[in-house]
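> take this sequence and fold it.
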Amino acid sequence: PRFVTNQEYFLDFDDKERDIGNAFRRGSYEDLNIYVGSRDGAGSFSFFPATNGLPGNPYDGVFLKSDVVPGGSSACCNMGLTLVHVVGHWLGLEDTFAGDSCDPSNMNDFIADTPQQASSTNNECPSVRDSCPNLEGNDPVGIITQRK
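Predicted structure coming up:
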């Protein structure tokens, strides 16, 4: 592993993904680059492989808000599981609630055996939830069902 500290990017992470990737990305598409910084805007994220898999693409990596790491200031999400969630996107997994619909033709996460889920769990983690009661299966609650 390689660790780089850059105060300028850490303190102002918003809208600098291209600059950060160009400056710090190492390896090939097989290598996961993780960038941690402070963000005012959207939460942690990754671009899907269809967008990030181009050779030399600066967007190939995971961009993680510093408040969601273990011990971070995020009340709901500071146990390190956000990284697992976002790496799932880097690997090509969609959120299980994608499409926010109970319509059986909606492919949500594009995995055939995932039960339909009408909405995110909004950072809650219920033990059982069924947002589409007229369809088979309960919602797949867990870290990939939460909106960050």
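
> quick one: name whatever helix or strand follows the helix or strand of the chain with the lowest mean pLDDT.
Within the chain, no helix or strand scores below helix 49-52, which has a mean of 67 by mean pLDDT, DSSP states H and E. The helix or strand immediately downstream of helix 49-52 is strand 62-65, counting by DSSP states H and E.

> strand partners (parallel or antiparallel) of that next one?
strand 34-37 (parallel), strand 45-46 (antiparallel) (DSSP bridges).

> export the longest one to PDB, keeping only CA atoms.
Only the C-alpha atoms of strand 34-37 are listed here, as PDB (Å, rounded to 0.1, in the frame of the first residue of the first chain):
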ATOM      1  CA  ILE A  34      -9.000   4.900  -2.200                       C
ATOM      2  CA  TYR A  35      -9.100   8.700  -1.700                       C
ATOM      3  CA  VAL A  36     -10.200  10.100   1.700                       C
ATOM      4  CA  GLY A  37     -11.100  13.700   2.200                       C
END
